[in-house]
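> what follows is a predicted protein model with its sequence.
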Amino acid sequence: MNNFEILHKDLMGRIGKLRTTHGYIETPTIMPVINPNLVTIAAADMKNYGAEMLITNAYIIYRKPNLREEALTNGVHSLLGTDMPIMTDSGSYQLYEYKDVEVSNKEILEFQQNIGSDVCVPLDIPTPPYWKRKRVKDDLEVTLSRLQEARNLMPANAQDNMLAGVVQGSTFVDLREESARRAAEIGFDLYAVGGVVPLLESHGFDKLVDIIVAAKKNLPLNAPVHLFGAGHPMLFPLAVALGCDLFDSAAYALFAKDKRYLTSDGTKKLEKLRVLPCSCPVCSTYSVAELKESKDLLAAHNLWVTFEEMRMVKQSIAEGSLWELCERRCRAYPSLVDALKRMTNYSALIEKYDSATKRPFFYLSEFSAHRPEVLRYSNRLNRFDISGRVLITTKEECEEEGYDHIFLVKPPFGPYPVELNESYPVGQSEIPVAIDNEAKTVALQNVLKLLAMNKGKAKFVFRYDSTWEGHPLLEEISMYADVRQKIC
Ligand code: GUN
Ligand code: ZN
């Protein structure tokens, strides 16, 4: 039986409904991390911020006798004081950080089942970025054998707990692909991309894009995907656009401990703040000075903005504007600009997932030139079967008599028949008057494509206005068409 229903889609992102033993939740969502030893904001209060599901660490509970007894007797929900669904992590991260985890895969899985976890996680081995390939591959084999052992212990459909298949493989794209493919063959209720925390810390977001895509391409589309350790709101639009549905955040508390104030486009040092540029209940009630005195207040603000951004992501999916949100957010930080650029490498893949009709888009930066809609338009240029005398012009003005067809050029799409002036997406998408060079280049590449496809069948005249003067592709176009600058 499938626990996950997809309600809306945009790019590779989706709004989904996930069934757990503690009720339905809507994704994308962020699971605040509750450390039972060190509670900043109580699990019971998390609903107020918008949390629908929590995550805690089964190994931390397991190794502390009083917590362990309480969890085994009354369940993890009673231990944390909530009836919200709870995912439990296995201690893999402790294994990675401190090397000494004294529990087996089987023991920690049985423990997670016994304390009534909604989503159990096997004891995978997180391999950090840029390790030697042999080491990564060897660790991946251990992870995969533990995933198989987990599935054998918890056969599909035989119990209430869901089971997560963790994807490792460090920064090797092919190993990430293999890891995802083999996890998918075993079959899990949801999948989790692991081993990325060091990349997040070093802002290696472009590499993160490769890793997420490698995993997503090989995972079932109808299963939720969790991105382990990604709790900073500035990353949500991009990660959701690439198909991540679940996130966990210890960031709200960790950043607060360091006196850092989260915003959807980066982190600010509290000591540098003159005002609180946010309207959450904390920031509209307290002053900068009061926040400096209380890490709990700061953690609360951090959590408010985290959920606010996730709601913004959801709204963007519903209205089909997630690409615009990615462009706006990724402009806030150079390593996110790199990540956005990397995402455009995957436009062809994203185009396959993206809905074919949605609202017209707004051109916001040169990255808009590589939107899936633009690529789709380019792929469909072969639908224009043209012959006779054809004018392709960047400006609809004078001297347009005596042609069998007139095409206008609109950056970044390129040529379109004048009759499609009002139609989606070319006619309706809004572009700035002072359009950038990237949009012009893509447009002219599509002109060239149209010319090459109809070579010999039609006689082309290409006319451009002064804003296109000097573009290097004009020369190439002149091999197929009579190219002239417009004078009128
Ligand atoms: N938390 C952060 N990264 C990881 C990971 O790679 N595996 C697991 N199980 N938990 C994590
Ligand atoms: Zn605030």
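Cool, the structure landed. Ligands and ions are numbered 1, 2, ... in the order given.
> C-alpha only now, for contacts and for neighbours.
OK.
> what about Lys99, neighbour count?
Lys99 has 10 neighbours, counted by other CA atoms under 10 Å.
> what sits against it?
By CA atoms under 8 Å, 6 or more residues apart in numbering, the contact list for Lys99 is empty.
> next one: it, what pLDDT does it get?
On the pLDDT scale, Lys99 is placed at 71.
> quick one, phi psi at Leu147?
Main-chain dihedrals, Leu147, degrees, to the nearest 10: phi -60, psi -40.
> show me what contacts the residue in the chain positioned nearest to ligand 1?
Nearest residue of the chain to ligand 1, counting by CA to the nearest ligand atom: Gly194, 3.2 Å away. Gly194 makes contact with 126, 166-168, 227-229, according to CA under 8 Å, 6+ apart.
> let's see it at 6 Å
Counting by CA atoms under 6 Å, 6 or more residues apart in numbering, Gly194 touches 167-168, 228.
> which one of these has the most neighbours?
Neighbour counts for the contacts of Gly194 (other CA under 10 Å) peak at Val167, which has 35 neighbours.
> beta partners for it?
Under the criterion DSSP bridges, Val167 forms beta bridges with Val193.
> three-state assignment of the most centrally placed residue in the chain?
Residue closest to the mean C-alpha point of the chain, counted by CA atoms, centre = their mean, is Ala239 at 1.7 Å. Ala239 falls in the helix class when you classify it by DSSP: H, G, I helix; E, B strand; the rest coil.
> how near is Arg463 to ligand 2?
As judged by CA to the ion, to the nearest Å, Arg463 and ligand 2 stand 54 Å apart.
> what is the burial count for that residue?
By other CA under 10 Å, neighbour count at Arg463 equals 21.
> for the worst-scoring helix or strand of the chain on mean pLDDT, output the C-alpha coordinates as PDB.
When the helices and strands of the chain are scored by mean pLDDT, DSSP states H and E, helix 92-98 comes last with a mean of 80. Below are the C-alpha coordinates for helix 92-98, written out as PDB (Å, rounded to 0.1, in the frame of the first residue of the first chain):
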ATOM      1  CA  SER A  92      24.800   6.800  12.300                       C
ATOM      2  CA  TYR A  93      25.600  10.400  12.700                       C
ATOM      3  CA  GLN A  94      27.200   9.700  16.200                       C
ATOM      4  CA  LEU A  95      29.100   6.900  14.400                       C
ATOM      5  CA  TYR A  96      30.400   9.400  12.000                       C
ATOM      6  CA  GLU A  97      31.200  12.100  14.500                       C
ATOM      7  CA  TYR A  98      32.600  10.100  17.400                       C
END
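> residues in contact with it?
101, 123-124.
> can you put the residues you listed in CSV and add secondary structure?
Shown next, in CSV, are the contacts of helix 92-98 (three-state DSSP):
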residue, secondary structure
Val101, coil
Leu123, coil
Asp124, coil
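> turn the residues you listed into TSV, including distance to ligand 1.
Shown next, in TSV, are these (distance: CA to the nearest ligand atom, whole Å):
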residue	distance to ligand 1
Val101	12
Leu123	6
Asp124	6
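> list just the nearest of those to Asp139.
Asp124 (8.8 Å; CA to CA).
> just checking, that closest one touches Thr143?
Yes: counting by CA atoms under 6 Å, Asp124 does reach Thr143; the two are 4.8 Å apart.
> near ligand 1, which residues of the protein?
For the chain, the contact set with ligand 1 under CA under 6 Å from any ligand atom comprises 89-90, 92-93, 124, 126, 194-195, 197, 228-229.
> partner residues bridging Leu54?
Applying DSSP bridges, one finds that Leu54 bridges with Ile86.
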